[in-house]
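J.: sequence below, structure please.
(one chain, ligands or ions: 3)
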Amino acid sequence: MSVSRPNIATPTLREPFSAEESRLFSQLDPARLPRHVAIIMDGNGRWAKSKGMAARIFGHRAGIDSVREATRTAAALRLHALTLYAFSKENWSRPTAEIAALMELLDQFLVQERAELNDNNVRLVASGELEDLRPRTRELLEETISLTSSNTGLTLNLALSYGARAEIVRAARRAMEMARSGELSPEELTPELFSRMLDHPELGDPDLLIRTSGELRVSNFLLWQIAYSEFVVVAKLWPDFRRPDFLEAILQYQARDRRFGGVR
Ligand code: IPE
Ligand code: IPE
Ligand code: MG
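T.: Ligands and ions are numbered 1, 2, ... in the order given. Got it, this is the predicted structure:
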């Protein structure tokens with residue numbers, strides 16, 4: 001059965017595809033694209049250092065271009081969701097100046113990318129303990145979420161002040177509250193129901209998890225949701241991650257045999 005290619009050359013995709021990108025794209029099986037991709041965007045500090053810059057923030061700033069390009073690519077491929085690990089619970093332990101600079105960059109992103117998100121029909125949502133963010137950042141986040149809420153294409157989920165253990169504990173508390181109020185009995189709690197108590201269950205579990213910078217760890221990201229995700233670790237640092245790298249990761253994903261514990 002022949003399956004038609006998704007229309008990648010959407011008018012909203014501003015820059016043309018390079019020859020390498022077109023070659024990679026033609027190798028993709030449009031019928032087996034991941035529905036939800038999650039990315040641990042790592043290596044910004046090392047990127048700044050490798051460029052001889054003393055401040056890690058230069059790497060974070062350069063990483064914004066990679067965020068924009070990954071989002072455009074996911075939207076152009078008509079993926080359902082892209083979850084980006086932008087700031088972890090544990091990242092609050094970083095130097096105050098780095099945290100302040102990261103929050104400033106987040107504020108800028110939330111304002112500057114609004115038109116781009118709307119042009120690409122992208123809906124923004126966020127996961128994590130958003131109450132930890134400063135009031136100004138929360139306000140801009142809520143504004144951008146609401147300004148893009150009726151978009152029907154890709155859902156871009158920013159994980160902010162996110163920790164998977166904290167998310168699981170919040171879900172467990174919800175279940176306990178429901179049990180206390182008599183809405184749910186302990187026997188009725190199933191993995192499916194528990195999944196629905198986590199942040200943004202409508203996105204589904206990630207099919208593909210990408211980590212840049214070569215680190216082989218999960219760093220408290222989506223521990224529940226990645227039970228059967230395929231992992232692709234890319235050696236490149238996040239600010240160097242470009243569309244061909246994303247397409248290569250999807251090609252690697254398509255070469256995997258997902259068995260979910262069963263047999264072929
Ligand atoms: C990832 O890059 C961005 C955040 C965690 C906010 P890092 O800042 O962790 O950079 P490295 O891993 O130290 O190079
Ligand atoms: C994971 O990267 C968090 C984000 C990408 C936001 P880290 O750099 O914080 O993780 P570790 O410290 O290497 O595990
Ligand atoms: Mg890191």
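
J.: roughly how far does the residue of the stretch 101-250 of the chain found nearest ligand 2 sit from ligand 1?
T.: Per Cβ to the nearest ligand atom, Ser219 is where the stretch 101-250 of the chain lies closest to ligand 2, at 3.6 Å. Quick note: C-beta positions are derived from backbone N, CA and C, even for glycine. For Ser219, the distance to ligand 1 equals 8 Å [Cβ to the nearest ligand atom, to the nearest Å].

J.: doesn't that residue fall inside a strand?
T.: No - using DSSP: H, G, I helix; E, B strand; the rest coil, the assignment for Ser219 is coil, not a strand.

J.: that one touches Lys89, doesn't it?
T.: No - applying Cβ atoms under 8 Å, one finds Ser219 not in contact with Lys89, separated by 10.2 Å.

J.: okay, these two: which has more neighbours?
T.: Neighbour totals were compared for Ser219 and Lys89, and Lys89 leads with 19 against 14 (other Cβ atoms under 10 Å).

J.: would you map the strands across the stretch 51-200 of the chain?
T.: Applying DSSP state E, counting those that start in this stretch to the stretch 51-200 of the chain gives strands spanning 81-88, 123-127, 155-162.

J.: can you redo those as a markdown table with mean pLDDT, mean neighbour count and distance to ligand 1?
T.: Formatted as a markdown table, the strands of the stretch 51-200 of the chain follow (pLDDT from 0 to 100; neighbours: other Cβ atoms under 10 Å; distance: least, Cβ to the nearest ligand atom, whole Å):
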| stretch | mean pLDDT | mean neighbour count | distance to ligand 1 |
| --- | --- | --- | --- |
| strand 81-88 | 99 | 24 | 5 |
| strand 123-127 | 98 | 21 | 15 |
| strand 155-162 | 99 | 24 | 10 |
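
J.: excluding chain neighbours, what is closest to Glu248?
T.: Once flanking residues are discounted, Glu248 sits nearest to Leu24: 6.4 Å by Cβ to Cβ, 6 or more residues apart in numbering.
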